[in-house]
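1. here's my sequence, what's the structure:
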Amino acid sequence: MVDEAAAGPARRTARPARRKPAREAVAQKPRPKRTKKTLGDDFLAAVRADFRAHGAGVIAEVRADKPDQYLKIVLSVLPKDFDVSINQLDAFSDILFEVIVRKFRAASEE
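-> Down below sits the predicted model:
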């Protein structure tokens, strides 16, 4: 008799990989738009159409007649984190600033 333990473990035959059955292409319904987004889009479309029809003239009238309202409109359009620092050169190192100055001097002398 042959010793089964000495022959080693029994090997399994390789099976083909299992795959999920392919789904048939089902037409999915598009998601309904959110009401808030739709309302905002509709409002902006109406404002855009009104601006195209009357825009520049109305802005000029508001600027002349009600400068405080004009400024309020301008400020509402600007980003909230608007950087109003006047001197941006503080961010440059002295060496970088010197390189930039030399470059402009050389360009203006040509």
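
2. neighbours around Asp81, how many?
-> Using other C-beta atoms under 10 Å, Asp81 is surrounded by 5 other residues. Every C-beta, even on glycine, is put in place using the N, C-alpha and C of the backbone.

3. got a pLDDT number for it?
-> Confidence at Asp81, expressed as pLDDT, is 75.

4. then Glu61?
-> 92.

5. and if you look at Glu110?
-> So Glu110 comes in at 64 (pLDDT).

6. next one: Lys66
-> 91.

7. what about it, how many residues close to it?
-> Neighbours around Lys66, by other C-beta under 10 Å: 12.

8. low-confidence stretches in this protein?
-> Along the chain, segments meeting pLDDT under 70 span 1-10, 12, 16-17, 20-27, 31-36, 82-90, 110.

9. now do the helices in this structure.
-> 35-65, 67-77, 94-109 (DSSP state H).

10. how about the ones you listed in JSON lines, adding distance to Arg15?
-> JSON lines is the format used below for those (distance: least, C-beta to C-beta, whole Å):
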{"stretch": "helix 35-65", "distance to Arg15": "50"}
{"stretch": "helix 67-77", "distance to Arg15": "66"}
{"stretch": "helix 94-109", "distance to Arg15": "66"}
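
11. do you know which of the ones you listed lies nearest Arg19?
-> helix 35-65 (39.3 Å; C-beta to C-beta).
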